[in-house]
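S.K.: Turn this into a model:
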Amino acid sequence: MRLYSSRIPLLSKEIIERLVAEGDIEVGSKEEADLDVQAVLKEYIRTDRELTEKAKDLMERRGLAHEQFGKTKRAVAEERGFGLGEEGISWICNQLLETFMHSRFVDEVFASDGDLRKKMKEIIRRHMLVDEELDGEVRNRIRNLQEGTANWDVEYAKVMEQIKQKRGISD
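M.R.: Reported below is the predicted structural model:
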């Protein structure tokens, strides 16, 4: 699962709209509350990129194989108290709850933390699953190539970029 920066405005607007419409929160300005949500989502992406770089550096220093990247990144993320994948959604929701409690643009929070988390997770998960859809589409298009080969890697990246451009998704 991955959060794309191009989806942040749509995602934040959907979160605020749903929570306001269902009476879970009351905001003085939807636009400003939306910007608060966007700030949390942008911070998630920034931190994720930072951890990716740290994991790459650590792997290089230790001489680890590329296959160890996921494990290394997860270890670095745990060290910083940052969530990846499904835990990333929980991390985002916790940050959003904190933001709602301290934002001067969120006048009142009526719903319980659990109810807010459940609604936000549903919305965030839907937007983050785009990555899995893209992967499936790319694999379907290059199924004639042997996975794991250099040719497959090059073609995968090329087709992924084409599909992202077609759908208007950017990193």
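S.K.: only C-alpha atoms for contact and neighbour calcs from this point on.
M.R.: Will do.
S.K.: in the chain, which spans are helices?
M.R.: Taking DSSP state H, the helices of the chain run over residues 8-21, 30-62, 69-80, 86-102, 113-128, 130-141, 150-167.
S.K.: Point out where this structure drops to low pLDDT.
M.R.: The chain contains residues with pLDDT under 70 at 1, 148, 170-171.
S.K.: Please repeat the previous calculation with a cut-off of 90.
M.R.: 1-7, 64-70, 85-86, 126-140, 142-157, 160-171 (pLDDT under 90).
S.K.: Would you map out the domains in it?
M.R.: 5-128, 129-171 (automatic domain parsing).
S.K.: Which among the helices of the chain is found nearest to R2?
M.R.: Closest approach to R2 among these (C-alpha to C-alpha): helix 113-128, 5.0 Å.
S.K.: Now do that closest one: which elements does it pack against?
M.R.: helix 8-21, helix 86-102 (3 or more C-alpha pairs under 8 Å, 6 or more residues apart in numbering; DSSP states H and E).
S.K.: Now do the first one: everything it contacts.
M.R.: Contacts with helix 8-21, where a contact means C-alpha atoms under 8 Å, 6 or more residues apart in numbering, come from 25-27, 30, 33-35, 37-38, 41-42, 116, 119-120, 123-124, 127.
S.K.: who's sitting farthest from the centroid in the protein?
M.R.: Largest separation from the mean C-alpha position in the chain: N144, at 30.5 Å (C-alpha atoms, centre = their mean).
S.K.: can the helices of the chain go into CSV with extra columns for mean neighbour count?
M.R.: Output for the helices of the chain, formatted as CSV (neighbours: other C-alpha atoms under 10 Å):
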stretch, mean neighbour count
helix 8-21, 17
helix 30-62, 17
helix 69-80, 15
helix 86-102, 17
helix 113-128, 16
helix 130-141, 14
helix 150-167, 14
